[in-house]
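Colleague: Need the 3D shape of this:
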Amino acid sequence: SNATQNGFAPWDESKTVPKEAIGDLAFYYVSEPKVAPCAAKLLVATSAENLQAVESNQKLLRLNGGSRLPYNERKQLQQWPATVVYEGPREGPQSVLGRDVNITLRLEVYRTDQRGWGVRCWDAISAGTFVAPFTGEIFTTDTADERNKETGADKEGSEAWYETLEYQFDLEVKAVEDFLGLENKSDNSREEFGPTGEMIFEQSGLSREEVANVGFVLDGKRYGSVARFINHSDSPNLHIQSVLLPDSHDCRMCRLALYAVEHIPPMTELTYFYSEHYMAQLVERGIFTGIKKRGSR
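Modeller: Now for the predicted structure:
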């Protein structure tokens, strides 16, 4: 029925909205990343022998640097930030991002007072708890550069370029690029736990040339998850973490996930630190202030 309820008519799901009516403002929710064909064909399958390293806690512990397993019995991340987190078999005790249904919190996208859209949770969140995955479209870096050029986002300082700092993420493990001595334009100043760049590189089974010549970018502007609406803060209550699932240990295409870094009371806005580069742009554009200290969606 499409009867009016208190002045509000429920949406008739039998109707189809033409794409022309939606235009460029459309956002499509996807629970898993959409890997473009140009990227999928360049992924390198991890050997079965290497993937077996996640099948026992002893091997998984060694794979994650030998200090701790990724998650405790309540599936909370035990130490962060990590160079990368290797998860165990899907649906097992060391699987969080890799579960079929990974978001278990009651998250709400809402309109903030000053920063556009934001996200909060109806539940209290304990430190280390997985909050949400980053999803979106995954392209090669070359394809992402071409798309950015078409929209003017290749011109530093333009509004389109600024948006790429909010929605586009390089997916390689930074520690691997450091180990190989490759140029790394991403922020990598934080001290990290977990496996070394050398260990991650060897586990991937990739060559130096494959890492150096092929990269991948996640674009969460048009397709993505609820994480797309989480705002920036210089005092965040979440942190972004690279994760490798048991299906592939290709260190050029990590999954990205957000975890709580502290206890978060119910209905508190969720935020994470986008990057030092993004913060510098906030200051340069006069958007950052000592009171606000946040970027907006």
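
Colleague: CA atoms for contacts and neighbours, from now on please.
Modeller: Fine.

Colleague: can you give me the strands for the stretch 51-200 of the chain?
Modeller: Taking DSSP state E, counting those that start in this stretch as the test, the strands found in the stretch 51-200 of the chain are 85-86, 107-111, 117-121, 130-134, 137-140, 168-170.

Colleague: and the fourth one with strand 107-111, angle?
Modeller: Our comparison of strand 130-134 with strand 107-111, counting by axes from the mean of the first three to the mean of the last three CA atoms, to 10 degrees, yields an angle of 70 degrees.

Colleague: by contact count, what packs against strand 130-134?
Modeller: Where contact means 3 or more CA pairs under 8 Å, 6 or more residues apart in numbering; DSSP states H and E, strand 130-134 is packed against strand 255-260.

Colleague: One more: the second one?
Modeller: If you count contacts as 3+ CA pairs under 8 Å, 6+ apart, strand 107-111 packs onto strand 117-121.

Colleague: If we ignore the residues flanking it in sequence, what's nearest Thr140?
Modeller: Sequence neighbours aside, Phe216 is the residue nearest to Thr140 in space, at 4.3 Å (criterion: CA to CA, 6 or more residues apart in numbering).

Colleague: roughly how far apart are that neighbour and Trp80?
Modeller: 24 Å (CA to CA, to the nearest Å).

Colleague: what separates Ser204 from Ala45, distance-wise?
Modeller: Ser204 is 9 Å from Ala45, by CA to CA.

Colleague: list residues touching both of those two?
Modeller: Residues touching both Ser204 and Ala45 (CA atoms under 8 Å, 6 or more residues apart in numbering): Asp250.

Colleague: any chance you could map the helices in the stretch 101-250 of the chain?
Modeller: 141-151, 159-167, 174-180, 197-204, 208-213 (DSSP state H, counting those that start in this stretch).

Colleague: Alpha carbons of stretch 40-47, in PDB - could you do that?
Modeller: Extracted C-alpha coordinates of stretch 40-47, given in PDB (Å, rounded to 0.1, in the frame of the first residue of the first chain):
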ATOM      1  CA  ALA A  40      40.900  -7.500 -11.300                       C
ATOM      2  CA  LYS A  41      43.000  -8.700 -14.200                       C
ATOM      3  CA  LEU A  42      46.200  -7.400 -12.500                       C
ATOM      4  CA  LEU A  43      45.700  -9.100  -9.100                       C
ATOM      5  CA  VAL A  44      48.100 -11.900  -8.400                       C
ATOM      6  CA  ALA A  45      46.800 -15.000  -6.700                       C
ATOM      7  CA  THR A  46      48.500 -15.800  -3.500                       C
ATOM      8  CA  SER A  47      49.900 -19.400  -3.400                       C
END
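
Colleague: What lies in contact with that stretch?
Modeller: 204-206, 214, 247-250.

Colleague: which among the residues you listed end up buried?
Modeller: With neighbours counted by 16 or more other CA atoms under 10 Å, the contacts of stretch 40-47 contain buried members at 204-206, 248-250.

Colleague: And the furthest pair within those?
Modeller: Pairwise distances across the buried ones among the contacts of stretch 40-47 peak at 11.7 Å for Leu206 and Ser248 (criterion: CA to CA).

Colleague: quick one: the nearest residue in space to Thr151 that is not next to it in sequence from Lys149, how far?
Modeller: Nearest residue to Thr151, sequence neighbours excluded (CA to CA, 6+ apart): Ala160, at 6.9 Å. Applying CA to CA, the value for Ala160 to Lys149 is 10 Å.

Colleague: List the contacts of Met267.
Modeller: Met267 neighbours (CA under 8 Å, 6+ apart): 120-123.

Colleague: Check which helix or strand it maps to.
Modeller: Assigned by DSSP states H and E, Met267 belongs to no helix or strand.

Colleague: ok, now how distant is Arg222 from Gln52?
Modeller: According to CA to CA, Arg222 and Gln52 sit 36 Å apart.

Colleague: next one: Glu166
Modeller: When distance is defined by CA to CA, Glu166 is 36 Å away from Gln52.

Colleague: of the two, who's got more company?
Modeller: Using other CA atoms under 10 Å as the criterion, Glu166 and Gln52 rank with Glu166 on top: 20 against 14.

Colleague: which residue packs closest to that one, ignoring adjacent ones?
Modeller: Spatial nearest neighbour of Glu166, excluding adjacent residues (CA to CA, 6+ apart): Tyr274 at 7.2 Å.

Colleague: picking up where we left off before, need the strands of the stretch 51-200 of the chain in CSV (columns: mean neighbour count).
Modeller: Shown next, in CSV, are the strands of the stretch 51-200 of the chain (neighbours: other CA atoms under 10 Å):
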stretch, mean neighbour count
strand 85-86, 26
strand 107-111, 15
strand 117-121, 20
strand 130-134, 24
strand 137-140, 23
strand 168-170, 19
